[in-house]
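Q: would you be able to build a 3D model of this:
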Amino acid sequence: MSETEQEHRGLFRRSNVGYLVLSLGLLAVFAGIVAKEYRIRTAEEWVPAFIRNGVKERVMVFVGASTCSSSMADGLPEALRAIRTGMRSQATERGEGFASIGISTDVVVTDGVRYLKRMGPFDEIVAGRNWANLGVQRYVWGESLGGEPGIPQLIVMERVFDRSRTGELVVSGERVLFRKLGASPIMEWSRLAFPQ
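A: A predicted model of the protein is given here:
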């Protein structure tokens, strides 16, 4: 083997080692970012609800907006946290599922997401398009589940998820148990139902 070929092989090995080191470094950085974003949650942090077929599920639906002074009331995020935690504990004790849905009537999606993040955590959110978004259409304007328009609003409902014969996920028995309209009634119900 000529001296030139040996030099090329040596460079090739060094460059492969360099690529390997660079790749491992990038992988470590990426893993750090992912670990920060998807870290293991502590007991106090929210864990999303999972659908269990054929099991009754209690649902907390919150509707509000960053542009509404009542929806920004002091103590509302804490009241929602107490309601969410209390309802989830009660549902678990009864062998039921629990889910929380946050709906923002903010026009701008990013404003709505930011607002719901402050009020959350939620298992799912709907934001943007003001009073025309899908969450408002279903839970405020809807024929079977709708009620009085206004924010902030808390809707407590129950439903059952099941699989159809074709394997589709279907909801049955969905009904509103009660609504609280306005920050004060929501916070008062929180104090009475789930005292801290």
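
Q: mind listing the strands for this protein?
A: 56-64, 97-104, 124-126, 153-163, 169-181 (DSSP state E).

Q: same for the fourth one, what does it pack against?
A: By that I understand strand 153-163. strand 56-64, helix 76-93, strand 169-181 (3 or more Cβ pairs under 8 Å, 6 or more residues apart in numbering; DSSP states H and E). Bear in mind the C-beta positions are built from the backbone N, C-alpha and C, glycine included.

Q: do that again at 7 Å, thanks
A: If contacts are counted by 3 or more Cβ pairs under 7 Å, 6 or more residues apart in numbering; DSSP states H and E, strand 153-163 sits against strand 56-64, strand 169-181.

Q: possible to save the strands of the chain as JSON lines with distance to Leu80, mean neighbour count and mean pLDDT?
A: What follows is these, written out as JSON lines (distance: least, Cβ to Cβ, whole Å; neighbours: other Cβ atoms under 10 Å; pLDDT from 0 to 100):
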{"stretch": "strand 56-64", "distance to Leu80": "6", "mean neighbour count": "23", "mean pLDDT": "95"}
{"stretch": "strand 97-104", "distance to Leu80": "8", "mean neighbour count": "24", "mean pLDDT": "95"}
{"stretch": "strand 124-126", "distance to Leu80": "13", "mean neighbour count": "19", "mean pLDDT": "96"}
{"stretch": "strand 153-163", "distance to Leu80": "8", "mean neighbour count": "18", "mean pLDDT": "91"}
{"stretch": "strand 169-181", "distance to Leu80": "11", "mean neighbour count": "13", "mean pLDDT": "91"}
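
Q: that older thread, looking at the helices and strands packed on strand 153-163, which is closest to Leu76?
A: Of all these, strand 56-64 sits nearest to Leu76, with 7.8 Å by Cβ to Cβ.

Q: among the strands of the chain, which comes closest to Gly112?
A: It's strand 97-104; of the strands of the chain, that one is closest to Gly112 (Cβ to Cβ) at 3.1 Å.
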